[in-house]
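*Asks:* The following comprises the amino acid sequence and a computationally predicted model.
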Amino acid sequence: MSYIQIGSMIIRTEWILLAVTIIVGFVVAKIQLHNHAERKKYVDTIFNAVLIGLLVWKGSIILFQPFMVIDHPMSLLYFTGGVKGVWLGLISGAAYLIYKMKKDQMDHSLMVGIVLKSWTTGILILIILQSILGFKVSILVFVLLALGIVGLLIDIFLKKGAAIMGRLLLLFIVMGLVGWSIYDHLLLTESDSNASDMSRNEKAEVGIAIGDRAPEFELATLDGQQVRLSDYRGKRVVVNVWATWCPPCQAEIPEMVKFYEEYSNQDIEILAVNMTNSEKKVEDVKQFADEYGINFPILMDQEAEVASTYQAFTIPTTFIIDNAGIIVEKIAGPMSYEWMEKNIVTK
């Protein structure tokens, strides 16, 4: 599940995992500084560096997609600078740390050790949680972990010498081999389960939970053509419930347009189900489609039947349906281009 819904509040799972990772890192940092006389100064510096990194990452979309932000300011609220933004945020946070260490004459060796141990522990916890929850761990996360481990080994070599570093290197290698064996076993298990998954798909009940067969519907498009969900069997289908007056919808539409331009030729279809009963007039939908350059079918849900069937109590709400008609993912809230690449193209 990509989100957790508590009443009317929607919380992205990835944000929860990020928060847990940061908290774990701070706990590790505080433990290391437990008896240090200047504990508060070091912890505050690390906190500020993390905050600067997060803000730069969040705001880097202005740098990497300036025209989209100018045309659609709401995108600044809902999206980030992606992977490039992560690296820019890391560089910014590291630059602040270096500046503060020099300015306040902190113990460089101590600070580097604390940051590396907190960093590596936090990333390890993130990988463990993602694996437990069934999320695919990205290459970026593994790269960040590798950087932390290499940094730790170098730090230990400089402080303790080659002997202890060699023992730790051996330990990391063994841990890596064990981890790879477990990962490989999981891949084999997943491969063996594919056949049974196919039979389960054939017996899947109609519903809106992941693993259910998506409920059938028939609606007219904005240009008057009648279409059914089953018309797209054999393709991965994105059913997106939205409205023109919805700010998060306005933010995600440019991302969807960009995604559709790139992947519509790969048996992927987007069906934008407009909650027409909530619009002032149909002309508003046509004007919106022209203004945003929407290049995928807009379906007019005049009586909110589809929105009701799919329980789209919060919009936008999106269902990812595989080529057999089975729901494989759903999300309440706006989708970014990177999220769509990860959760639609690879599903």
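*Replies:* It's in.

*Asks:* if you go through this structure in chain order, where are the helices?
*Replies:* Counting by DSSP state H, the chain has helices at residues 13-32, 39-59, 61-64, 66-71, 75-78, 82-103, 108-132, 139-160, 162-203, 247-263, 282-292, 305-309, 337-340.

*Asks:* Looking at those, spot the one closest to Glu216.
*Replies:* Of all the helices of the chain, helix 305-309 sits nearest to Glu216, with 9.3 Å by Cβ to Cβ. Bear in mind the C-beta positions are built from the backbone N, C-alpha and C, glycine included.

*Asks:* Okay, buried residues for that closest one please.
*Replies:* Val306, Ala307 (16 or more other Cβ atoms under 10 Å).

*Asks:* what helices or strands is it leaning on?
*Replies:* strand 236-242 (3 or more Cβ pairs under 8 Å, 6 or more residues apart in numbering; DSSP states H and E).

*Asks:* count of residues packed around the nearest residue to Asn240 once chain neighbours are set aside?
*Replies:* Nearest non-adjacent residue to Asn240, counting by Cβ to Cβ, 6 or more residues apart in numbering: Thr318, 4.6 Å away. Residues lying near Thr318 (other Cβ atoms under 10 Å) number 29.

*Asks:* Okay, now the unreliable bits of the stretch 51-200 of the chain?
*Replies:* Applying pLDDT under 70 to the stretch 51-200 of the chain flags residues 161-200.

*Asks:* wouldn't Val50 be in contact with Thr21 here?
*Replies:* No. Using Cβ atoms under 8 Å, Val50 is not in contact with Thr21; the gap is 10.4 Å.

*Asks:* Not counting its own residues, what contacts stretch 300-313?
*Replies:* The contact list for stretch 300-313 (Cβ atoms under 8 Å, 6 or more residues apart in numbering) reads 8, 208, 215, 217, 219-222, 239, 241, 273-278, 282, 285, 299, 315, 317, 319.

*Asks:* Who are the contact partners of Thr317?
*Replies:* Per Cβ under 8 Å, 6+ apart, neighbours of Thr317: Asn240, Val241, Tyr310, Gln311, Lys330, Ile331, Ala332.

*Asks:* no wait, His36
*Replies:* Contacts of His36 by Cβ under 8 Å, 6+ apart are Tyr42, Leu110.

*Asks:* What pLDDT does the model give it?
*Replies:* Looking at His36, its pLDDT is 89.

*Asks:* Could I get the phi/psi values of it?
*Replies:* phi -80, psi 140 (degrees, to the nearest 10).

*Asks:* What of Pro73?
*Replies:* According to degrees, to the nearest 10, Pro73 has phi -60, psi -30.

*Asks:* now do Asp267
*Replies:* Here is the backbone geometry of Asp267 (degrees, to the nearest 10): phi 60, psi 40.
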